[in-house]
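Participant: coords below, sequence missing:
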């Protein structure tokens, strides 16, 4: 049975990770999507482990250590993006791999990004490379997904919406299943 880590990026108390008006903390969106992804993937027979904790901020090193120790088949980090701290027009979805990604990471990023585009109809910001610890230091295929901008009024409304959270979860689960099954 394949097992993956689903990571709701950041934590419930991480400073600064919120909409400009303070009505949405990033972790609220990330965790809502992570819970839905877990439900969908578990229904398909995968074992899903969370690297986050809704009662505390889990250090990146702890998240990475857990994934590497358990030798999971994939690491999926879910996020909502921001550009600055004020409302602006930055928008869209992007998926990251590490700077020197494995072929499996690129394939997974491609499937997830395409599924998100087809499911949400948001602007395609593409697949990018980033020097994020959860991508750089994990030993399995790993991606980090940015599902929209908290600093864009239209996307902030979507990020708060249970319908949009479900759309993102369905797309992420579909993209992951395309690669693992």
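Facilitator: Arrived safely, thanks for sending. Just so it is clear, the model here is predicted, and its values are computed rather than measured.

Participant: give me the element the residue most central in space within the chain is part of.
Facilitator: For the chain, the residue sitting closest to the mean C-alpha position, by Cα atoms, centre = their mean, is residue 78 at 1.5 Å. Taking DSSP states H and E as the definition, residue 78 sits inside strand 74-81.

Participant: flag every buried residue along that strand.
Facilitator: 74, 75, 76, 77, 78, 79, 80, 81 (16 or more other Cβ atoms under 10 Å). (Each C-beta comes from the backbone N, C-alpha and C, glycine too.)

Participant: which residues does the second one bridge with?
Facilitator: Taking DSSP bridges, one obtains residue 5, residue 142 as the residues bridged to residue 75.

Participant: please enumerate the helices of this structure.
Facilitator: Along the chain, the stretches classed as helices by DSSP state H are 26-43, 60-70, 103-120, 133-136, 153-160, 162-180.

Participant: these into JSON lines, with extra columns for mean neighbour count?
Facilitator: Formatted as JSON lines, those follow (neighbours: other Cβ atoms under 10 Å):
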{"stretch": "helix 26-43", "mean neighbour count": "21"}
{"stretch": "helix 60-70", "mean neighbour count": "16"}
{"stretch": "helix 103-120", "mean neighbour count": "20"}
{"stretch": "helix 133-136", "mean neighbour count": "18"}
{"stretch": "helix 153-160", "mean neighbour count": "19"}
{"stretch": "helix 162-180", "mean neighbour count": "20"}
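
Participant: what stretches of this protein score poorly on pLDDT?
Facilitator: Applying pLDDT under 70 to the chain flags the ranges 181.

Participant: one more pass at 90, please.
Facilitator: Along the chain, the model assigns pLDDT under 90 to residues 1, 15-16, 180-181.
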